[in-house]
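In: Let's see this in three dimensions:
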Amino acid sequence: MLERFRMFWTGVFKPIAHLLIRLGVSPDAVTFVGTLGVVAGALVCFPQGWLWQGCVVIAVFVFSDLVDGYMARTIGAPSRWGAFLDSTMDRLGDAAVFGGLAVWLVGGGDDTLLAYVALWALVMGSVTSYTRARAESLGMHAKVGIAERSDRLVAVLAMTGLDGIFGLPILLTIVLWVLAVASTITVGQRMLSVHQQAVAEPRLPS
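Out: Numbers count the residues shown, from 1 in each chain. Just a heads-up that it's a prediction; the model follows:
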C-alpha cells in the first residue's frame, strides 16, 4: 500500500543523496548509519518510556532506506551485496523496534501479555520476509499478503508515537494485536502461494 509513496519521498531526499555522493559517502555507509539510528532510537528510547521521541528518531533514520538505494542507482553501483546488506539491516531495525517495545511493556508499560504479542509480531514479521526470500531463491515468488514491511513499520510507529504524545495506550494495544494477526495471516498466504506454484510445476520424467 505504502510503496506508492516511495517515489515521492525519494524525490524529496534527492538533494541529500546528491550531497552525500559529492562528499564521497558510500550507499553502504548510509545503510549502516541508518540502521544504527533506528536501533538506537528503539532500544534506548522505548525501554525508557520515551515513545514519541523514539518514533521521531526512528522515522528520521528510516528514510536512509530510500537514500542509499537512490545513491546506488545514481552512481551506477547497485549490487547483490548492497541488496543483501539492505535487507539484512532492515530485519535488524525491525527487530529493534518490536524488541524495544516489548522491553518497555514488561517494565514501565506493565503489560506482559502485550509484550508477548509484540514479540510474536516481531517473529512473524521476520518469517514474512524469510518466506519471500526463500521462495525467490527457489525461483518462485511470494510477494503477497496483507502486511508488507512498510505497512507494518508505519503503523507501529504512528500508533506508538500517538500513544506517547496523548497517553493513549489503547492505540499501542490495538496496533500490536493487529500486526501480530496480520503478519501471521501473511505468512500463511505466502506459504499457500508457494505451495500452489510448487504443485503447478511440471514434473520431470523419472
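
In: what's the pLDDT at E3?
Out: Note on E3: pLDDT of 52.

In: same question, S206
Out: Confidence score, pLDDT, at S206: 54.

In: Over to A118?
Out: Confidence score, pLDDT, at A118: 98.

In: thought it was touching A96?
Out: No - using CB atoms under 8 Å, A118 makes no contact with A96, being 11.9 Å away. For every residue, glycine as well, the C-beta is placed using N, CA and C.

In: Grab the longest helix from the protein for me.
Out: Taking DSSP state H as the criterion, the chain has its longest helix at helix 169-200.

In: pLDDT on that helix, on average?
Out: Mean per-residue pLDDT for helix 169-200: 96.

In: Quick one: list the elements packing against that helix.
Out: Contact partners of helix 169-200 among helices and strands, from 3 or more CB pairs under 8 Å, 6 or more residues apart in numbering; DSSP states H and E: helix 112-137, helix 149-166.

In: between those, which gets nearest to W50?
Out: Between W50 and those, the tightest spacing by CB to CB is seen for helix 149-166, at 7.3 Å.

In: Please name the residues that touch the closest residue to G93 other than its chain neighbours.
Out: What sits nearest to G93 in space, not counting adjacent residues and going by CB to CB, 6 or more residues apart in numbering, is V38, at 3.9 Å. Contact partners of V38, counting by CB atoms under 8 Å, 6 or more residues apart in numbering, are I58, F61, V62, G93, A96, V97.

In: No further queries at this time; thank you.
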